[in-house]
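K.L.:
Sequence first, predicted model second:
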Amino acid sequence: MLEIIWFGKKKVSNSLSIYVKTNTGKTLPVDLDPKWDIKNVKEIVAEKMGMPVEEIKIIFAGKELHNSTIIEECDLGQQSILHAVRAHHQKMSKLNTSSTIEESTSESSELNDSGSKPLNETLSDLPLDESGELESSTSEEQEKNRAHFYVYCSSPCRSVQAGKLRVKCATCGSGAVTVDRDPQCWPDVLLPQRITVHCENDFCEPQVSPNDETESQVLYAHFYLKCAKHPSLGETDEAVPLYLIKPNLAKIPCLACTDIRDTVLVFPCEAGHVTCLDCFRDYCASRLRERQFQFDTVRGYYTLPCPAGCPDSFIPEVHHFHILPDQQYGQYQRFGTEEYVLREGGLLCPQPDCGMGIIPPKVENGYTEEDCRKVQCIGGCGFVFCRKCLQGYHVGECEPQPTSSSSNFGSVGYVVDPLKAKDAKWDEASKKTIKISTKPCPKCRTPTERDGGCMHMVCTRAGCGYQWCWVCQTTWTRECMGNHWFG
């Protein structure tokens with residue numbers, strides 16, 4: 001529905017609701033027409049701030065906005081934040097009175113028309129190298145190659161979306177800053193203390209630069225990205241940058257399907273191999289099915305390398321795997337956790353439908369060998385089992401377990417998980433039920449089902465009669481009686 005709002009003599013149609021923050025701490029809700037220019041914004045804000053229009057400057061995305069800049073050119077979304085601050089004019093000196101007045105007027109006019117476009121309007125697509133020098137190009141090419149960023153929005157979108165680059169003061173967190181230069185490469189955005197800023201917050205205290213022998217006070221930029229799909233949730237609304245996903249400005253064909261797509265992922269290998277997002281999703285899904293993700297020991301991530309086999313090409317930001325559907329991403333997280341547990345000397349609970357990761361005690365930490373052999377799934381199903389044979393805990397030597405023959409499962413169109421296939425046999429269903437609902441006698445290994453009563457179990461197998469604890473799966477003691485006789 002068309003909204004019409006009056007501000008003095010200004011009529012607002014198709015209003016854009018934003019917030020204007022002042023350097024005095026006030027936040028003003030304002031409705032604007034996207035067709036207006038920044039000078040119109042100053043006229044509205046000046047009345048609420050109680051100061052002349054010419055003394056106000058508007059800051060957005062690290063830049064002071066030009067008076068003639070049209071609002072819709074700034075890529076402002078609903079509930080975005082503009083910063084309105086008092087302009088500090090430098091006074092002329094050592095000139096005669098008439099020339100001072102004349103030049104001061106000229107300077108004021110210049111300042112009123114000063115400013116620049118926001119970061120998203122001025123940046124070319126950020127290169128991935130450390131040098132970060134942008135090649136010279138015509139204004140037409142720069143407009144065509146305007147920056148595109150991609151993020152993972154954890155809330156509310158929960159998906160990969162286009163992003164917008166924003167900046168604030170690293171010291172006070174205020175967005176009322178102007179950058180001394182545009183970022184030239186991703187390290188400028190991701191690493192701290194790369195670019196200095198001028199902060200308009202009256203209460204901001206500059207830091208002393210550790211690399212400056214003169215101990216001059218400097219302020220640094222903190223760059224962040226926000227999701228471009230949903231309305232702004234304020235200056236704390238940040239999303240994870242997916243800096244390997246880029247617009248395919250050079251029209252490079254995909255490594256797998258050879259199609260030329262508009263958006264691609266660039267692997268962090270020396271060759272910079274390119275794949276389209278559809279093929280990257282298929283690559284991740286197939287490696288996940290085969291459990292062929294690898295553990296990056298340097299960063300401690302469960303990740304994938306370039307499929308071309310390039311060295312040192314692990315994807316360092318695991319949020320890129322959010323390109324997988326939610327169910328598969330959950331499986332990726334579970335596999336990554338299991339891999340970490342196994343690498344730390346742990347093991348997984350063998351009880352069906354559990355799989356809890358467990359890091360048991362070690363002998364060198366003061367535990368006996370028997371203490372280390374008996375493992376309980378704490379935080380999971382509570383199953384107590386033998387670390388050596390992964391069967392229910394028992395006294396004495398482990399019984400030899402039958403070895404399972406390996407088979408090749410799966411085809412191009414239908415893939416079968418070998419682990420799930422073990423449970424998909426019709427004549428094995430009763431065995432699985434027995435394993436879930438029973439516990440073996442720790443002495444003779446006879447499956448025993450508890451149908452009520454206390455935790456004190458007596459094996460009914462002829463010649464055994466072993467008395468044991470259902471919880472501890474070891475000999476029944478007074479300690480068991482006192483702690484969990486009836487559960």
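P.N.:
Now that the structure is in, tell me what you want to look at.

K.L.:
Mind listing what's buried along the longest strand belonging to the chain?
P.N.:
Taking residue count as the measure and DSSP state E as the definition, the longest strand of the chain comes out as strand 159-169. Using 16 or more other CB atoms under 10 Å as the test for burial, strand 159-169 gives 160-169. For glycine as for every other residue, the C-beta is placed from the backbone atoms N, C-alpha and C.

K.L.:
next one: stretch 230-241
P.N.:
Within stretch 230-241, the residues that qualify as buried by neighbour count (16+ other CB under 10 Å) are 230, 232, 235, 237-241.

K.L.:
Those residues in strands, which ones?
P.N.:
Restricting the buried residues of stretch 230-241 to those inside strands, with DSSP E as the criterion, leaves 240-241.

K.L.:
Toward the C-terminus from the helix ranked longest in the chain, list the very next helix or strand.
P.N.:
Among the segments of the chain that qualify as a helix by DSSP state H, the longest is helix 326-343. With elements assigned by DSSP states H and E, the helix or strand that comes after helix 326-343 is strand 347-348.

K.L.:
From the contact counts, what lies against that following strand?
P.N.:
Strand 347-348 sits against helix 326-343, strand 357-358, with contacts defined as 3 or more CB pairs under 8 Å, 6 or more residues apart in numbering; DSSP states H and E.

K.L.:
Parallel or antiparallel, list what pairs with it.
P.N.:
When pairing is defined by DSSP bridges, strand 347-348 lines up against strand 357-358 (antiparallel).

K.L.:
Any idea how many residues pack against Tyr329?
P.N.:
Other residues near Tyr329 number 17, with proximity taken as other CB atoms under 10 Å.

K.L.:
so where is the stretch 151-300 of the chain shaky, pLDDT-wise?
P.N.:
Regions of the stretch 151-300 of the chain meeting the criterion pLDDT under 70 cover residues 207-216.

K.L.:
ok, now with 80
P.N.:
Counting by pLDDT under 80, the low-confidence segments of the stretch 151-300 of the chain come to 202-203, 205-217, 232-236, 249-250.

K.L.:
so how far is Arg461 from His148?
P.N.:
With distances taken as CB to CB, to the nearest Å, His148 is found 71 Å from Arg461.

K.L.:
Comparing these two, which shows the higher neighbour count?
P.N.:
When His148 and Arg461 are compared for neighbours, His148 comes out ahead with 18 against 13, by other CB under 10 Å.

K.L.:
Quick check, the more buried one in contact with Pro247.
P.N.:
Yes. Counting by CB atoms under 8 Å, a contact exists between His148 and Pro247, whose distance comes to 4.3 Å.

K.L.:
Distance check, the residue nearest to Met49 when sequence neighbours are not counted against Gly234.
P.N.:
Spatial nearest neighbour of Met49, excluding adjacent residues (CB to CB, 6 or more residues apart in numbering): Thr22 at 6.1 Å. As judged by CB to CB, Thr22 and Gly234 stand 16 Å apart.

K.L.:
List the contacts of the residue nearest to Met49.
P.N.:
For Thr22, the contacting residues are 28, 49, 83-85, by CB atoms under 8 Å, 6 or more residues apart in numbering.

K.L.:
what does Pro305 give?
P.N.:
Taking CB under 8 Å, 6+ apart, we find Pro305 in contact with 267, 269, 294, 313-315.

K.L.:
Check what pLDDT it gets.
P.N.:
Among the per-residue scores, Pro305 shows a pLDDT of 91.

K.L.:
CA-only coordinates of stretch 297-317 in CSV, if you can.
P.N.:
As requested, C-alpha coordinates have been extracted for stretch 297-317 and formatted as CSV (Å, rounded to 0.1, in the frame of the first residue of the first chain):
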residue,chain,number,x,y,z
THR,A,297,45.5,-30.5,11.7
VAL,A,298,46.8,-26.9,11.5
ARG,A,299,43.4,-25.2,12.1
GLY,A,300,41.6,-28.1,13.7
TYR,A,301,38.8,-28.2,11.1
TYR,A,302,36.9,-31.0,9.4
THR,A,303,37.0,-29.8,5.9
LEU,A,304,37.7,-30.5,2.2
PRO,A,305,40.7,-29.7,-0.1
CYS,A,306,40.6,-28.6,-3.8
PRO,A,307,39.2,-31.6,-5.8
ALA,A,308,42.0,-31.2,-8.3
GLY,A,309,44.4,-32.5,-5.6
CYS,A,310,46.2,-29.2,-5.0
PRO,A,311,48.4,-29.0,-1.8
ASP,A,312,47.6,-26.6,1.0
SER,A,313,44.1,-26.1,-0.4
PHE,A,314,41.8,-26.8,2.6
ILE,A,315,38.8,-24.6,2.9
PRO,A,316,39.5,-22.6,6.1
GLU,A,317,36.0,-21.3,6.8
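
K.L.:
Buried residues of it, list them for me.
P.N.:
Of the residues in stretch 297-317, those with enough neighbours to count as buried (16+ other CB under 10 Å) are 301-307, 313-315, 317.

K.L.:
Which residue ranges make up the domains of the chain?
P.N.:
4-117, 120-125+142-243, 246-343, 358-398, 438-487 (automatic domain parsing).

K.L.:
so for the shortest one, what's the average pLDDT?
P.N.:
If I follow you right, that is domain 358-398. Averaging the model's pLDDT scores along domain 358-398 yields 76.
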